[in-house]
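1. Requesting a structural model of the entry that follows:
(chains A, B and C)
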Amino acid sequence: MSYQAPLFLLLFFPLTLLAYQLVPQKHRWKILLGASYAFFWSISGKLLLFLLLSTFSIHHFGLWLDSIRSDADAVIRAAEKPQRKALKEARKHKMRGVLALGILLQIGTLLCLKYANFFGANVNLIFRGLGMAEVIPTFQWMLPIGISFYTMQAVSYLTDVYRGTVNADRSLGRLALYMSFFPQLMEGPICRYSQTAEALFSGTPIRYESLTRGLQRMLYGLFKKMVIADRLNIFVNNIFNDYHEQGGIVILLGMVAYTCQLYMDFSGIMDMVMGMGEIFGVKMPENFRRPFFSKSISEFWTRWHITLGAWFRDYIYYPLSLSGPLKKTTSACRKRLGNHFGPLVAGTMALFCVWFCNGLWHGAAWSYLFFGMYHFFFIMLANLTEPLTRKVLDALHIRRDKGWYRIFRILRTCCLVCVGELFFRANGLKAGLSMFRKMVTDFSIPAPQDLALGLDRYDLLILVVAVLIVLMISILQEHGIPLRKKLAAVPVPLRWSIYYAALMAVILFGAYGIGYVPVEPMYAGF
Amino acid sequence: MEKLLEILETIQPDVDYDTCTTLVTDNYLDSLAILSLVAELEEEFDIEIPTVEIVPANFNSAQSIWEMVQRLEEE
Amino acid sequence: MKRKIRPLLRCVIFLLILSLFLTAATWVVIPKRNAKADGMHNARAYGYLAEKENTIDIAIIGDSETYASFSPMELWKNYGYTGFICGTSAQHLEDTYGTLKQFCEYQTPKLVILEANAMFRSSGLYSDIERVFFREIEKAMPLFEYHDRWKRLSPQDFTGRVEYDCIDPLKGFYPTYYSKEWKGGHDYMKKTDKVRPIQSVNLYYFDKIVEFCRERKIPLLVTSAPAPVNWNYQKHNAIKRLTDKYGLPYLDMNFSSKEMDIDWSHDSRDGGDHMNVYGALKVTSFLGKYLDEKYDLPDHRSDKKYANWERDLKDYQDILNRGMKKQTSKK
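-> Now for the predicted structure:
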């Protein structure tokens, strides 16, 4: 079951809403938990066991961390002042060990299920290269749905308990719901315990306003996903699967189309997820902020899949770059290399780790690693050349955040991102490289019939109009215009007309049913 | 506070630290600047800034940074 | 109280207006002619819509095995039976049932022949439920099935005039003229006591089909067309057991490919998955003999009401001859 499936939209979700509203407030979380596990079961069946194990494990480890802290605190309070520091150190040491074990269990499961074959295959490759027999068998494992997402949530919970920013949760039910809430189960956003657990558990009643607002956002998401993303699917598949047949310009179009598809798919599903959350009174962190208006790659990653970037920042980048040795390096380098280049050594090392993990997180394949390194390279490049750029721009009296230079930066970022997505989507790194080579060397003008690739002129018309609508909405939002508030103030006939138009557009112009391959949400596979 | 402003000035000179309350949110201080700042503050004030403290709320204005430093000094 | 009612009232009004839009859109996008060119899905299986009402005596339902293996016109030629094939490619059993129901709105068959291959089509219980759910919605509101037809709307679509006028002289049969050899020979049915399980969604719809025929007192014949790639003894056992349970006749033609004189190097279009035209003629002749023996179906050849079938027979033979000639000249 995916979020745009009729069974989900027309049966599962309404029934869940109804059951939720009908039971007394303090039992509502049970409905949500039941629905979430049913949802998980419908996709992954018995693999639900993995989610349950993860949940039990972080519940136990959270309480363990908490008991170490409170035991040690009692001792510290009783101790003489001079001894306190040593006791604190001992406490920290112990907690760190427990945290490491807890995280290891989570990450270990993920590594085993998701990456064993990738590492195994590459080790085998090395063995074969050395003339030895292949030693590591390949496993036919199914991945539990959403494991990449809920594992991140589990690790963030444990770390937050360790850091003392949240208290360990005694209620297993609340933690279970935090881990499994069905709207975010499949594609995130990756939430922190402090952001959603309380609201999920509280059983906020569904109000007319929250219902209509939530449905409104779901409808917008459905529009992006079904009218644009799914319609582009045929076109994109044709180009990426038969890239040998295509000329450079067609590949270029395919690359742009794929980037558009990925954005519409992922951000569309996110709109649906946020909408569903809104109905239940749960405010999840936003995952997108109109990323294609970014002026640099590093800004892009604060606006695209925001919760993933934030996770890496909070649980990998800062902990690494501010760890003892790297901090000393920063201080030392700063004195010698100055303000700009000083922190660059530590920053770059941490950044490398972040992008290595980011690449791998998307999937166990060299092309994803390449994707990570690609973004790492451009962020690093921007950091290295920053002083030079600044000098040049100052000399030319160009203001970087204004006018045409700003537009240039936005376009440049879009281009870099698109090329990154080309490697991301290509069937393997080899295919990606060969597509890229073709794109920059082959400029032959394609014949019109080579451009069709599964789209007729009606499809094109729909795509252009729909993309323009989304673009217009994005531009207005970018200028800080509160569109949803404005829409709420519009007289009913007009507002309803807009809803009807959107609904009918999804039903009539959505790419579903006979003649279309159903497209699973793209990020659910990561 | 004087000292803090001095440090901030050396790290990122283009900002009016008396009024700006969106240092992180609006990207005046990027992650590299934060790294510099943390290292510098720890040395200057003899404190240890744990990762938990590295949140936008603590770094968005000179005032909030100063409050954090004072809090950590007391510990 | 008033506060609670107002939002509810709003929702109801919103949905009412929405259903008006949906009905109107359905009315516009639904195909007005039973032709592929008009955007009707699986138009071949709906050719019976253009036949005179209550003139077709045999309904053949199932998946692609039906239209590849049987040719109703052969039954007409030799016995004067009127039959039609409503099978569609890779059909699921809920559609088999749906087609039969639809067929009986226009026709009153005296025999229903169910080709059993579709009984084993399943993508797992959960996916089956998800698919069936959407199919039920599509049937209730064809807008969801035909939403894409906005691309080829004509003025006629807005007048709502329906003309089912595309007569199919092949009566649902789909002849192919090329061959690909099946190398396994005639003895592909290896005896076993194992029984292939049938997914519960399919069992449910099989039951509905049986029930439907019982209610209308239409005899139901379950059959398996010869298809070595698709069929084996385990499946035979499953269907045998099922038909015994319901007290239905079951004709498994996979045991008779020798008797039918099928030449497996020549009579299959895709290596034993489906028959080509040559195989279909042999299979249909076998079926005709069986029907002649076991059933008392009317011979309409001298009936004036069925004059058009004689004309269609001519067209049918022309089409086949042309196809066969083309294929030989290619060689």
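
2. When you work out contacts or count neighbours from here on, use the C-alpha atoms and nothing else.
-> Noted.

3. which element is residue 17 on?
-> This is for chain A. Element membership of A:Leu17, judged by DSSP states H and E, is helix A:13-22.

4. okay, that helix in PDB with CA atoms only?
-> Included here for helix A:13-22 are C-alpha records, laid out as PDB according to Å, rounded to 0.1, in the frame of the first residue of the first chain:
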ATOM      1  CA  PHE A  13      -7.100   6.400   5.800                       C
ATOM      2  CA  PRO A  14     -10.800   7.400   6.200                       C
ATOM      3  CA  LEU A  15     -11.400   4.300   8.400                       C
ATOM      4  CA  THR A  16      -8.400   5.200  10.600                       C
ATOM      5  CA  LEU A  17      -9.600   8.800  10.900                       C
ATOM      6  CA  LEU A  18     -13.100   7.500  11.900                       C
ATOM      7  CA  ALA A  19     -11.800   5.000  14.400                       C
ATOM      8  CA  TYR A  20      -9.400   7.600  15.800                       C
ATOM      9  CA  GLN A  21     -12.200  10.200  16.300                       C
ATOM     10  CA  LEU A  22     -14.600   7.700  17.800                       C
END
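
5. relative orientation of whichever helix or strand comes after that helix and helix A:13-22 in degrees?
-> For helix A:13-22, the following helix or strand on the C-terminal side (DSSP H and E) is helix A:28-44. Direction vectors for helix A:28-44 and helix A:13-22, defined by axes from the mean of the first three to the mean of the last three CA atoms, to 10 degrees, enclose an angle of 160 degrees.

6. Just give the number of residues close to C:Ala24.
-> Taking other CA atoms under 10 Å in any protein chain shown as the criterion, the count of residues near C:Ala24 is 13.

7. just the helices in chain B please.
-> In chain B, helices defined by DSSP state H lie at B:2-11, B:31-45, B:56-59, B:62-74, listed in chain order.

8. any chance of those helices in CSV, plus mean neighbour count, distance to chain C and mean pLDDT?
-> As requested, the helices of chain B are arranged in CSV below (neighbours: other CA atoms under 10 Å in any protein chain shown; distance: least, CA to the nearest CA, whole Å; pLDDT from 0 to 100):
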stretch, mean neighbour count, distance to chain C, mean pLDDT
helix B:2-11, 15, 55, 85
helix B:31-45, 20, 47, 84
helix B:56-59, 17, 40, 87
helix B:62-74, 16, 45, 89
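
9. Any stretches of chain A with poor pLDDT?
-> Residues of chain A that meet the criterion pLDDT under 70 lie in A:134-135, A:139-141, A:525-526.

10. coming back round to it: what's next to the helix holding A:Leu17, contact-wise?
-> Outside of helix A:13-22, the residues that reach it under the criterion CA atoms under 8 Å, 6 or more residues apart in numbering or on different chains are A:28, A:31-32, A:35, A:205-206.

11. buried set for that helix?
-> Taking 16 or more other CA atoms under 10 Å in any protein chain shown as the neighbour-count basis, helix A:13-22 is seen to contain the buried residues A:13, A:16-17, A:20-21.

12. What residue in chain B comes nearest to chain C?
-> Distance from chain C to each residue of chain B (CA to the nearest CA) is smallest for B:Thr25, at 39.3 Å.

13. Pull the number of nearby residues for that residue.
-> Under the neighbour criterion other CA under 10 Å, B:Thr25 is assigned a count of 13.

14. which residues sit in contact with it?
-> By CA under 8 Å, 6+ apart, the contact set of B:Thr25 is B:56, B:60.

15. do that again at 10 Å, thanks
-> In this structure, B:Thr25 makes contact with B:56-57, B:59-60, judged by CA atoms under 10 Å, 6 or more residues apart in numbering or on different chains.

16. One more: A:Leu483?
-> With contacts defined as CA under 10 Å, 6+ apart, the neighbours of A:Leu483 are A:473-474, A:476-477, A:489.

17. Farthest-apart pair in the buried residues of helix A:13-22, please.
-> The most widely separated members of the buried residues of helix A:13-22, counting by CA to CA, are A:Phe13 and A:Gln21 (12.3 Å).

18. Which of the contacts of A:Leu483 are buried? Put it as a PyMOL command.
-> In PyMOL, selecting the buried portion of the contacts of A:Leu483, with burial taken from 16+ other CA under 10 Å, looks like this:
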select buried, chain A and resi 474
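
19. Off-centre distance for stretch A:499-513?
-> Between the centre of stretch A:499-513 and the centre of its chain there are 27 Å (CA atoms, centre = their mean, to the nearest Å).

20. And stretch A:415-426, by the same measure?
-> Distance of stretch A:415-426 from the chain centroid (CA atoms, centre = their mean) equals 16 Å.

21. which residues sit in contact with the residue nearest to the spatial centre of chain B?
-> Taking CA atoms, centre = their mean, the centroid of chain B lies closest to B:Ile65, which sits 4.4 Å from it. Neighbouring residues of B:Ile65 by CA under 10 Å, 6+ apart: B:1, B:4, B:41, B:57-59, B:71.

22. tally of neighbours for C:Glu51?
-> Around C:Glu51 sit 21 other residues, with neighbours defined as other CA under 10 Å.

23. Can you name the residue of chain A nearest chain C?
-> Each residue of chain A has a distance to chain C, by CA to the nearest CA, and the smallest belongs to A:Leu508, at 4.8 Å.

24. which one is that residue nearest to, not counting chain neighbours?
-> Counting by CA to CA, 6 or more residues apart in numbering or on different chains, the nearest residue to A:Leu508 once its immediate chain neighbours are dropped is C:His147, at 4.8 Å.

25. The one you found: neighbour count?
-> Using other CA under 10 Å as the criterion, C:His147 is surrounded by 24 other residues.

26. That one touches A:Tyr516, doesn't it?
-> No: assessed by CA atoms under 10 Å, C:His147 is found out of contact with A:Tyr516, at 12.0 Å.

27. okay, and the common contacts of those two?
-> Common contact partners of C:His147 and A:Tyr516 (CA under 10 Å, 6+ apart): A:Gly510.

28. who's in contact with B:Pro50?
-> Listed by CA under 10 Å, 6+ apart, the contact partners of B:Pro50 are A:163, A:318-319, A:322-323, B:38, B:72.

29. could I get those residues as JSON lines with secondary structure?
-> As requested, the contacts of B:Pro50 are arranged in JSON lines below (DSSP: H, G, I helix; E, B strand; the rest coil):
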{"residue": "A:Arg163", "secondary structure": "helix"}
{"residue": "A:Tyr318", "secondary structure": "helix"}
{"residue": "A:Pro319", "secondary structure": "helix"}
{"residue": "A:Leu322", "secondary structure": "coil"}
{"residue": "A:Ser323", "secondary structure": "coil"}
{"residue": "B:Val38", "secondary structure": "helix"}
{"residue": "B:Leu72", "secondary structure": "helix"}
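
30. Would you mind checking these for buried ones?
-> If you count burial by 16+ other CA under 10 Å, the buried members of these come out as A:163, A:318-319, A:322, B:38, B:72.
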